[in-house]
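S.K.: Here's a sequence, model it:
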Amino acid sequence: MTPTPGILNPRITNLLNGLNENVYLSAIRTGMVSVVPLTIIGGLFMILSFLPISGWEERVAPYLQLLQIPVTATFGLLSVFVCFAIGYDLGKRFKQEALISASISTLIFLMVSLDLKESTLSMDSLGSKGLFTAILIAIVSVSVQKFFNDAQWVIKLPDSVPSVVYESFLSLAPMCFLVIGFWIIRFVFGVDINALMQTAFKPLVFALNTLPGILVYAFLVTLLWSIGINGDNAMDAIVAPIFLQFLADNVTAITQGQPLPYVTANGFFTTFVNVGGTGATLALALILINSKEPGFRKISRVSLPTQIFQINEPIFFGIPIVLNPILMIPFILNALILTACSYLLIDWNLIHKPFVNIPWTTPPIIGHYLVTGGDWRAAVWGALSIVIAMLVYYPFAKVAQRQRLSQGPPTHTVPLA
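M.R.: Predicted structure coming up:
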């Protein structure tokens, strides 16, 4: 099957590729990914605290406060870790001393998070509500550090001085500049940077927890994948802080016995929509596993083990789905159907809202069960999602198979690891 080029204007494709490889967006993505293990650890203690077992609540009540300590240490300090991680990664990309970059970023973030009246750190700012501020400060801090070093506005010691001491003095001038600058903005002029960032991103935060908003996101992700651009990576720098904030707010709500506010918290899209990979391609592999077309059959069987763990590149590029008009349609359609159905089921309280962070490689059904804190109805929906995706793919897969068979034996084979 011959891919169809020109689906998007080359200029648009180049722009999207440029955004995908942008140094700032790449650092944000890396920073967000680096804190995933922390949220998983916090999630494990959340599961232990709120197991869906009759009588568990009474049994665990005397120990609940102790069990919440790791949750507070992870979700409660999320923005601090994100700021440090982004600062570190961006420093490496700019060829600065990465540890110094991370330290400066974290220092400035903690300073602007101080409550002047109480002379203490604002815990709200250190948690999910400070994510946008953490990202901004990390980018600004490392950029200023690079500017000072490039312009040679730094204190240089003799080469005989140990490298650790040498690098620390190099950072002194940009650090002073940043501390004084943010001190004036935050405390002299009284600008609440965190509130400002929350206000700036409020429309996007609101939109991504609505059905139309998450459908637009699902469409963009799968459309980008369809033309060969990693849609999840391209969008992650923008949406990951928001979905992570949703998750942290859901965690806070459940610990306080309040209704969970967000449907599309982190884990919604990777679990309920990307069933066996983006576009629910596990379903396509199941359909083609006994295909009459030898290439389809081989690729499906080889890719099936990886798709159980949500990795679908072998089938995506092997069939291929990329730039293939016949299979692009169900690929995008499945994402939209599963997004809409999952959103409505959760919004109608037929399935629990996500509040546990799990690895994105967690197999479907198991992932559905875990991300909702042990809701068996979510696991049932996970199984039904695969069936629905198979029904959507089936007619298109048959058309693709007939077209491939009519072309005769392939002139080349797709290399598979």
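
S.K.: Excluding covalently adjacent residues, which one is nearest to the spatially most central residue of the chain?
M.R.: The centre of the chain sits closest to A240, judged by Cα atoms, centre = their mean, with a distance of 4.1 Å. Spatial nearest neighbour of A240, chain neighbours left out: M32 (4.1 Å); criterion: Cβ to Cβ, 6 or more residues apart in numbering. The C-beta positions use only the backbone N, C-alpha and C, and glycine is treated the same way.

S.K.: Would you confirm that the one you found belongs to a helix?
M.R.: Yes - assigned with DSSP: H, G, I helix; E, B strand; the rest coil, M32 falls within a helix.

S.K.: who touches it in this structure?
M.R.: Counting by Cβ atoms under 8 Å, 6 or more residues apart in numbering, M32 makes contact with 82, 85, 236-237, 240-241, 244.

S.K.: let's go with 10 Å and repeat that
M.R.: Neighbour list for M32: 82, 85-86, 131, 135, 236-237, 239-241, 243-244, 266 [criterion: Cβ atoms under 10 Å, 6 or more residues apart in numbering].

S.K.: between those, which is nearest A173?
M.R.: A173 lies nearest to I86 out of those, by Cβ to Cβ, at 21.8 Å.

S.K.: Does anything pack onto the helix or strand where the closest one lies? Which helices or strands?
M.R.: Using DSSP states H and E, I86 sits in helix 78-93. Contact partners of helix 78-93 among helices and strands, from 3 or more Cβ pairs under 10 Å, 6 or more residues apart in numbering; DSSP states H and E: helix 23-34, helix 36-49, helix 98-112, helix 123-126, helix 131-150, helix 231-255.

S.K.: Tell me which residues of stretch 136-156 come out buried.
M.R.: For stretch 136-156, the neighbour count (16 or more other Cβ atoms under 10 Å) marks 136-139, 141-142, 144-146, 148-149 as buried.

S.K.: ok, so of those residues, who is nearest N324?
M.R.: N324 has its nearest neighbour among the buried residues of stretch 136-156 in I139, at 37.8 Å by Cβ to Cβ.

S.K.: Give the buried residues for stretch 61-72.
M.R.: In terms of neighbour count (16+ other Cβ under 10 Å), stretch 61-72 has its buried residues at 68, 70-72.

S.K.: Now distance to I47 too, for those residues, in TSV please.
M.R.: Listed next are the buried residues of stretch 61-72 as TSV, based on distance: Cβ to Cβ, whole Å:
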residue	distance to I47
Q68	13
P70	12
V71	11
T72	16
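
S.K.: Can you tell me the closest non-neighbouring residue to A207?
M.R.: Excluding the flanking residues, the one nearest A207 by Cβ to Cβ, 6+ apart is G213, at 3.5 Å.

S.K.: SS state for the one you found?
M.R.: Going by three-state DSSP: G213 is helix.

S.K.: so what's it up against?
M.R.: G213 is in contact with 203-207, 264, counting by Cβ under 10 Å, 6+ apart.

S.K.: Quick check: it vs V239, distance?
M.R.: Using Cβ to Cβ, to the nearest Å, G213 is found at 10 Å from V239.

S.K.: Between those two, which contacts overlap?
M.R.: Each of 204-205, 264 lies in contact with both G213 and V239 under the rule Cβ under 10 Å, 6+ apart.

S.K.: are any of those buried, and which?
M.R.: 205, 264.

S.K.: quick one: which of the shared contacts of G213 and V239 sit in helices?
M.R.: Counted as lying in helices by DSSP state H, out of the shared contacts of G213 and V239, are 204-205.

S.K.: now, which of the shared contacts of G213 and V239 sits nearest I254?
M.R.: Using Cβ to Cβ, T264 comes nearest to I254 of these, at 16.3 Å.

S.K.: got the phi/psi numbers for the closest one?
M.R.: Main-chain torsions, T264, degrees, to the nearest 10: phi -100, psi 30.

S.K.: Do I have it right that it meets L244?
M.R.: No - counting by Cβ atoms under 10 Å, L244 is not a contact partner of T264; they are 11.5 Å apart.

S.K.: Okay, now the unreliable bits of the chain?
M.R.: Scanning the chain for pLDDT under 70 picks out 1-20, 408-417.
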